[in-house]
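J.: show me the folded form of this:
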Amino acid sequence: MKFVLIFGPQAVGKMTVGQELAKITELKLLHNHMTIDLLEPFFGFETETWRLSTLFREEIMKSFAKSENYGMIFTYVWAFNEDEDWNFVKNICHIFESENAEIYFVELEADVDQRVIRNKTPNRLEQKPTKRNIQQSEEELLNSLNAYRLNSEPREIERKNHLRINNTELSAEEVASLLKKEFKL
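T.: Next up is the predicted model:
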């Protein structure tokens, strides 16, 4: 079993890279918004959405980790200045490690101007209903620059399978191909 965690700031290309990686491997994609967008119509962006989203994700991962599947890709906006996010990542890695899965960390970064452009792509808007209010989504993206640290510091992540990629000028297909080769997926 393999668990690939793709993380980075909003609109950096996590889901799109995950989609492309799923196409060229046997990995299954669970992108961040699959649970958020399920719950948002019921609870908005309130505490209950985040609580239930975390529960759903963990239960899906527990069942999946015990399955005969090849592996999972999960995308996540990891705020490195928030203990809750560190705990969540530790917990989901433990779920897979307890079933002897190999863990791979893929950290994406891109220039803010490129992320603003990606925030409006048809694929993103189709797959993530809560991002369709582009003005609100862009404001959230820009405001997060001051509130959160969404990329790691050097040597902050102490995992052997950690790859940081600046994909400002790379296509999702190029990044997925690089990941497949680098991690022998």
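J.: mind listing what's buried in the least confident helix or strand in the chain by mean pLDDT?
T.: Lowest by mean pLDDT, DSSP states H and E among the helices and strands of the chain is helix 122-127, with a mean of 91. Judged by neighbour count using 16 or more other CB atoms under 10 Å, the buried positions of helix 122-127 are 124, 127. Using the backbone N, CA and C atoms, a C-beta is placed for each residue, glycine as well.
J.: just the helices in this protein please.
T.: Assignment of helices within the chain using DSSP state H yields the ranges 14-24, 33-43, 47-65, 83-97, 112-118, 122-127, 134-147, 172-182.
J.: if the residue positioned nearest the centre of the chain is in a bridge, with which residues?
T.: Nearest residue to the geometric centre of the chain (CA atoms, centre = their mean): residue 75, 1.6 Å. Beta-bridge partners for residue 75, by DSSP bridges, are residue 6.
J.: which pLDDT value goes with it?
T.: Residue-level confidence at residue 75 comes out at 98, pLDDT.
J.: hmm, back to that, tell me which of the helices of the chain sits most buried.
T.: Each of the helices of the chain was given a mean neighbour count from mean count of other CB atoms under 10 Å, and the largest, a mean of 22, is that of helix 14-24.
J.: helices or strands up against that one?
T.: Taking 3 or more CB pairs under 8 Å, 6 or more residues apart in numbering; DSSP states H and E as contact, the helices and strands that helix 14-24 lies on are strand 2-7, strand 27-30, strand 71-76, strand 102-109, helix 122-127, helix 172-182.
J.: and of these, who's closest to residue 93?
T.: Evaluated with CB to CB, those place strand 102-109 nearest to residue 93, the distance being 5.4 Å.
J.: re the thing from before, between the helices of the chain, which one is closest to residue 2.
T.: Per CB to CB, nearest to residue 2 of those: helix 83-97, 8.4 Å.
J.: CA atoms only for the closest one - export them in PDB, please.
T.: The C-alpha atoms that make up helix 83-97 are tabulated as PDB, following Å, rounded to 0.1, in the frame of the first residue of the first chain:
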ATOM      1  CA  ASP A  83      -0.700  22.500  15.600                       C
ATOM      2  CA  GLU A  84      -4.100  21.100  14.600                       C
ATOM      3  CA  ASP A  85      -2.900  20.600  11.000                       C
ATOM      4  CA  TRP A  86       0.400  18.900  12.200                       C
ATOM      5  CA  ASN A  87      -1.700  16.500  14.300                       C
ATOM      6  CA  PHE A  88      -4.100  15.700  11.400                       C
ATOM      7  CA  VAL A  89      -1.100  14.900   9.100                       C
ATOM      8  CA  LYS A  90       0.500  12.800  11.900                       C
ATOM      9  CA  ASN A  91      -2.800  10.900  12.400                       C
ATOM     10  CA  ILE A  92      -3.500  10.100   8.800                       C
ATOM     11  CA  CYS A  93       0.100   9.000   8.200                       C
ATOM     12  CA  HIS A  94      -0.300   6.700  11.300                       C
ATOM     13  CA  ILE A  95      -3.500   5.200   9.800                       C
ATOM     14  CA  PHE A  96      -1.500   4.100   6.700                       C
ATOM     15  CA  GLU A  97       1.700   3.200   8.500                       C
END
